[in-house]
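[1] with the sequence up front, the predicted model follows.
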Amino acid sequence: MSSNLGSMPLRYRISIDREQCMECGRCVENCPYGVFRWDGERILINSRKCTACHRCIAYCPRDAIMLQEHPCDYRSHPVWTRGVRESIYNQARTGKIILAGMGSVANLPIIFDQLMLDACQVTTPPTDPLREPVELRTYLGKKPSKLEFRQKPNGDVELSTELTPNLMLETPIMLGHMSYGAISLNAHVAMARAARETGTYMGTGEGGLHPGLYPYQDRMIVQVASGRFGVNVDYLERGAAIELKLGQGAKPGIGGHLTGEKVSADVSRTRMIPQGSDAISPAPHHDIYGIEDLPQLVNSVKEATERKKPVFAKIAAVNNNAENVAAVARSGVDAIAIDGFRGGTGAAPRVFRDHVGIPIEVAISTADQELRNQGLRNEVSLIACGSIRESTDVVKAIALGADAVYIGTAALAAMGCRVCGNCYQGLCSWGIATQRPDLVARLDPDVASKQIANLIHAWTLEITELMGAAGINSIESLRGNRDRLRGYMLDEGLLDILDVKSVGA
Amino acid sequence: MCGIFGVMDKRRQMMDGSGIREALSMMNERGSGEGAGYVAYGIYPDYRDCYALHVFFDKACESKAVIDATLEQWGTIEHDEAIPTCDQPGLRVNCTPWRYFFRPDASLAPGSATPEKDVVTNLVMQINAGANGAEVVSSGKNVGVFKSGGAGSWPEAVADYYRIQDYEGYIWLAHNRYATNRPELWERPDPFNLHDWSVVENGKTTTYGANRRYVESFGYNCSTGTDSEVIAYLIDLLVRKHGLDINLAIRALAPPYWDEIDRMPEAEQNLNRALRFAYGSATMNGPFTVVAANPDMMVGFTDRGKLRPMVVGECGDRLYIASEETAIRAMEPNVESIARPAAGEPVIGRVAP
Amino acid sequence: MAKQVTIDAKGMHYTPLNQQIRKAIEDGIDEIVVDNVLGQRFIGNGLRGNTIIRVNGVAGGDLAMFMSGPTVIVSGNAEHAPGNTMDSGKVVIHGSAGDAVAHSMRGGKVFVRGDIGYRGGIHMKQYETQRPILVVGGSAQTFLGEYMAGGLLLVLGLDGVMKAREIGSGIHGGEIVIRGDVDEACLAAGAKKLPLTDEDRARIAPVIREFAADFGLDPEPLVNADYTRIVPASARPFAGKYTWE
């Protein structure tokens, strides 16, 4: 049955400056969505298919293509926004839950942008990182809270505390978990090479480990999610660390699924499920129905790998974040990744993406404070993730209490992603969120890995500059050092939660 | 810019305060005349078994009764009196220095390995956190802090106000302040003391916030906002509560760079890595020279980037640590050796048992 | 001659116990007997090879999790989730087992002579030749085969009434075979009943015979009994739930 709604106004309009266009056809070749087609000598445009992926614009040799968002106005209305109205039309037509790609589009204030960093002036000198060391080396894992010593027969004292395995990062930036299946093998290989080059680690996501990544396994954090896709003892043993995915910031409280269309032969092999079948990750782990089950899973993974590897847990940031973190910290995990509500995703229900969860800035602050209050801070490292966009976000997250961050969308953007949010279509023109071989081939792992490495390198340089300016020459002296932040136009309640003073104070 | 000075006699031979006054005033160029202070060990032999609490009352008539009552809850006051003072021209007095000789009730900290010190620590935190018009500025046995802040607080005036030439101690620390913050508060200048430990600092760490959050998670309460307060608590925590040797405690506060650790022999590497793992939040960063003392030792150390000066002199049984050599020579013109230790080389002098 | 070793687990924590078992396998032991087991978790966890591990007592949670090859035989009961995310090998439990038996199992066999708890066979899945098999001699509880994505789940109901309801909730692969008839009302949305064909019976007969042999039962009446076969109504149970922005 058809609806009476007719067609929706165009989301984007593509136009070609015919004076500039030399009819080379690169736009036709590059657009996988079918916006452009040849009509004899002329290129025709179907703007309705456009996703604003910018591939055509990026590859037009004459800058002849122009994109306009929302070329057709609705009557402006502060309550009945375009998004609200279009969701109603969509659901009136389909009767279904709306899924959307990438992170939250809710127009809410970003706390990071209202936190100002400190710099030294006269009472303390800035450190010049060009001349003096500024240490970014970060160890993730359990740390002793207190050291024990024993006296040797000759009277010397030696350390008797045994350190448990930690991951050593040259910079506190890691590449977050995005599964093979959600993104392409070339994207994964690019990330893995960049992780190796920059001395950091990447997450596999929950899609298993493709043999093409075995050469980089010492740089991989292998994820165990509720679907257990691709998880066996071989997989666990290959990883440098193991992460238990308990939740995701973009969609707290629900699972996810990779649609059968994306389960190609290769993806099916890596996930260990039949080709073309839905890969469903349930909301909970079915062996964790109570918090006391979490240590059982943590210990099970540790026993299977002879306690040689750190085990992380990732949770979504929700209201009782502090309690969740304190509970997870007692489970024996070595690090907790907290994913804020702006975290990315290939697909999430729109209502979850835009309405469930709390900001990462708040989640890290409350987690760090609660762990300190309960004397558990050294039990776990804290990893902040979910919308880490630039080096200042990294510095601010660490000053609020994080040990390191995961970046996801930023890494994709470094490979070309324009954050168009159409990952679910599986037609990513940049060869990132697709399994279509011709599209995947567009992403050269050598080139893309260099771009990601460049980004991490550039951020690392900026972080050392910011730390040097603040007179801090080691990252642990930045960690939890909220005294070096000031809140600009943040309300008193939020300043209190963040434990940050107002600007001027 | 501050000037600090410390002297210790290894055989507990007493020094009166006049030489220290001379030494500190040699570094007046480093101060702003808005804060100076002295701390001496061995000054109360008649009450050697009592904890000497030096307290600043905003208004003695209002606050003293409250503090008396609090102390009586936690132990016994053996004796109390106003600290003798002598008004100095230009030194603006805004509080009344008092001293108590106090015996804590150890039964109030059951299970503690150091119950008396726990009681005293709790008392100090409680009084200093409260809006009671009283600040405890020193709290150890046979030790006392004499300091003031605000206009006219040059080292000579402060020394003369407290008549420190009348006190005899075997360890003295002193501090000549360049004020940056709330100069009028008398409790703010160094030295800072918590029972055994006293601290003077030249510099300003960039890690006050991180260090403060760390010590506060162990129940300390930083009420003055000064580095020295946090440092005193850090040292007390690491040495008394965590049982670290002073050498290791200093290494935790100012650890070697990872590059240096990577080049160490394995056992040492492990130890240093463990220290940085365990005490990353206690690590102090930014420019500082710290001189700290307890009844048995005096130590000096700098930040690992060596951003602040530290001069060490020795003469007979005397060990001197100062910001400038001139201060040492003012007190000991015939000093036998002068050294400028490298960053990461703490100076540790111990009193003969 | 097969090399055998006995470990007394009395009062032992699971970490040293599992280290001893691992060591025995490295030493080429063919059969490891573990006596006095009382709740030690993770026995057989992540082990490879074809050793036989005899567990005398009550096995703790996550027995044989991630296991890839060995055979674990438990004389008594087992707790939560035996065969969890197991790859290959076999678990034989002479008693009963707790909830989430064979959770996310992707290969090998789990045989339970007695009953299993809730959510048995949850999210079992198969890939090519790897096809997990869970056989329950007694009864299974509710949410049997929830989210099931592959493999065979067989319930023989030897000891009376089958208690499971909401069978095959979210099932999108594999098959659940239950002896006797199953009331339609006990099936969850997304699951459907089919009669057992001769082909199906030929497929499950060797499994029944192996089970019967392991527990000393007469196989033929079981092979020839009536069975209900429950399969997914769709391989894409959630496909109709979503639209795109």
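    Sure, I can see it. Numbers count the residues shown, from 1 in each chain, chains lettered A, B, ... in the order given.

[2] quick one, strands of chain C?
    Taking DSSP state E to define them, one finds strands in chain C at C:4-8, C:31-38, C:52-58, C:68-74, C:88-93, C:109-112, C:133-136, C:149-155, C:173-179, C:191-195, C:227-232, C:242-244.

[3] mind naming the longest helix for chain C?
    helix C:198-215 (DSSP state H).

[4] which residues of the chain score low on pLDDT?
    Answering for chain A, as no chain was given. A:1 (pLDDT under 70).

[5] actually it's chain C I care about, not the one you picked
    In chain C, residues with pLDDT under 70: C:1.

[6] interface residues of it facing chain B?
    Residues of chain C lying near chain B by CB under 8 Å from any CB of the partner chain: none. C-beta: built from backbone N, CA, C; applies to glycine.

[7] returning to what we had before: and the strands of chain C as TSV, adding mean neighbour count and distance to residue A:73?
    As requested, these are arranged in TSV below (neighbours: other CB atoms under 10 Å in any protein chain shown; distance: least, CB to CB, whole Å):
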stretch	mean neighbour count	distance to residue A:73
strand C:4-8	15	77
strand C:31-38	18	73
strand C:52-58	20	70
strand C:68-74	22	61
strand C:88-93	24	62
strand C:109-112	27	62
strand C:133-136	28	59
strand C:149-155	26	47
strand C:173-179	24	48
strand C:191-195	16	49
strand C:227-232	20	47
strand C:242-244	16	23
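
[8] can you redo the ones you listed as JSON lines with distance to chain A?
    Shown next, in JSON lines, are those (distance: least, CB to the nearest CB, whole Å):
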{"stretch": "strand C:4-8", "distance to chain A": "16"}
{"stretch": "strand C:31-38", "distance to chain A": "15"}
{"stretch": "strand C:52-58", "distance to chain A": "14"}
{"stretch": "strand C:68-74", "distance to chain A": "5"}
{"stretch": "strand C:88-93", "distance to chain A": "9"}
{"stretch": "strand C:109-112", "distance to chain A": "14"}
{"stretch": "strand C:133-136", "distance to chain A": "14"}
{"stretch": "strand C:149-155", "distance to chain A": "6"}
{"stretch": "strand C:173-179", "distance to chain A": "6"}
{"stretch": "strand C:191-195", "distance to chain A": "15"}
{"stretch": "strand C:227-232", "distance to chain A": "10"}
{"stretch": "strand C:242-244", "distance to chain A": "4"}
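
[9] re earlier: residues of the longest helix of chain C that come out buried?
    C:201, C:204, C:207, C:208, C:210, C:211, C:212, C:214, C:215 (16 or more other CB atoms under 10 Å in any protein chain shown).

[10] contacts only, for the third one.
    If I follow you right, that is residue C:207. Shown in contact with residue C:207 (CB atoms under 8 Å, 6 or more residues apart in numbering or on different chains): C:109, C:133, C:135, C:152, C:154.

[11] pretty sure the fourth one is touching residue C:175, no?
    Just to be clear, that refers to residue C:152. Yes - with contact defined as CB atoms under 8 Å, residue C:152 and residue C:175 form a contacting pair (5.8 Å).

[12] hang on, the earlier thing: and the two most separated of the contacts of residue C:207?
    C:109 and C:154 (10.3 Å; CB to CB).

[13] overlap in contacts, the two.
    What both residue C:109 and residue C:154 touch, as defined by CB under 8 Å, 6+ apart, is the set C:133, C:134, C:135, C:207.

[14] which residues pair with the third one across the strands?
    This points to residue C:135. residue C:111, residue C:154 (DSSP bridges).

[15] so what's it up against?
    Residue C:135 touches C:109, C:110, C:111, C:112, C:154, C:155, C:156, C:207, C:208, C:211, counting by CB under 8 Å, 6+ apart.

[16] how close does the fourth one get to chain B?
    This points to residue C:112. 45 Å (CB to the nearest CB, to the nearest Å).

[17] against residue C:153, how distant is that residue?
    According to CB to CB, to the nearest Å, residue C:112 stands 11 Å off from residue C:153.

[18] shared neighbours, these two?
    Joint contacts of residue C:112 and residue C:153 (CB under 8 Å, 6+ apart) are C:134, C:136.

[19] secondary structure of residue A:218: a strand, I assume?
    No - counting by DSSP: H, G, I helix; E, B strand; the rest coil, residue A:218 falls outside a strand, being helix.

[20] show me the contacts for the residue lying closest to it once chain neighbours are set aside.
    Sequence neighbours aside, residue A:240 is the residue nearest to residue A:218 in space, at 5.4 Å (criterion: CB to CB, 6 or more residues apart in numbering or on different chains). Listed by CB under 8 Å, 6+ apart, the contact partners of residue A:240 are A:167, A:201, A:217, A:218, A:219, A:220, A:221, A:309.

[21] phi, psi of residue B:350?
    Here is the backbone geometry of residue B:350 (degrees, to the nearest 10): phi -110, psi 140.

[22] was I right to think it contacts residue B:294?
    No - when contacts are counted by CB under 8 Å, residue B:350 is not listed as touching residue B:294 (10.1 Å).

[23] among those two, which residue is more densely surrounded?
    Ranked by neighbour count (other CB atoms under 10 Å in any protein chain shown), residue B:350 and residue B:294 place residue B:294 first, with 22 against 13.

[24] in stretch C:6-15, what counts as buried?
    Here stretch C:6-15 shows C:7, C:9, C:12, C:14, C:15 as buried, counting by 16+ other CB under 10 Å.

[25] and stretch A:28-38, by the same measure?
    Buried, per 16+ other CB under 10 Å, within stretch A:28-38: A:28, A:30, A:31, A:32, A:33, A:35, A:36.

[26] and stretch A:432-444, by the same measure?
    Applying 16+ other CB under 10 Å to stretch A:432-444 flags A:432, A:433, A:434, A:435, A:436, A:439, A:440, A:442, A:443 as buried.

[27] reformat the residues you listed as JSON lines; add distance to residue B:309.
    Output for the buried residues of stretch A:432-444, formatted as JSON lines (distance: CB to CB, whole Å):
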{"residue": "A:432", "distance to residue B:309": "55"}
{"residue": "A:433", "distance to residue B:309": "58"}
{"residue": "A:434", "distance to residue B:309": "62"}
{"residue": "A:435", "distance to residue B:309": "64"}
{"residue": "A:436", "distance to residue B:309": "67"}
{"residue": "A:439", "distance to residue B:309": "64"}
{"residue": "A:440", "distance to residue B:309": "62"}
{"residue": "A:442", "distance to residue B:309": "60"}
{"residue": "A:443", "distance to residue B:309": "56"}
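
[28] and of these, the nearest to residue C:196?
    Nearest member of the buried residues of stretch A:432-444 to residue C:196, counting by CB to CB, is residue A:435, at 37.6 Å.

[29] hang on, the earlier thing: how about CSV for the buried residues of stretch A:432-444, with secondary structure and distance to residue A:160 added?
    Output for the buried residues of stretch A:432-444, formatted as CSV (DSSP: H, G, I helix; E, B strand; the rest coil; distance: CB to CB, whole Å):
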residue, secondary structure, distance to residue A:160
A:432, coil, 49
A:433, coil, 50
A:434, strand, 54
A:435, coil, 52
A:436, coil, 57
A:439, helix, 57
A:440, helix, 53
A:442, coil, 56
A:443, coil, 51
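
[30] and of those, the nearest to chain C?
    The closest of the buried residues of stretch A:432-444 to chain C turns out to be residue A:433 (CB to the nearest CB; 13.9 Å).

[31] what about the closest residue to the closest one other than its chain neighbours, how many residues nearby?
    Nearest residue to residue A:433, sequence neighbours excluded (CB to CB, 6+ apart): residue A:423, at 3.8 Å. Other residues lying near residue A:423 total 26 when counted by other CB under 10 Å.

[32] same question for the one 4 residues further on.
    Around residue A:427 sit 17 other residues, with neighbours defined as other CB under 10 Å.

[33] show me what it is bridged to.
    Taking DSSP bridges as the rule, residue A:427 bridges to residue A:434.

[34] list the contacts of it.
    Residue A:427 neighbours (CB under 8 Å, 6+ apart): A:32, A:33, A:434, A:436, A:439.
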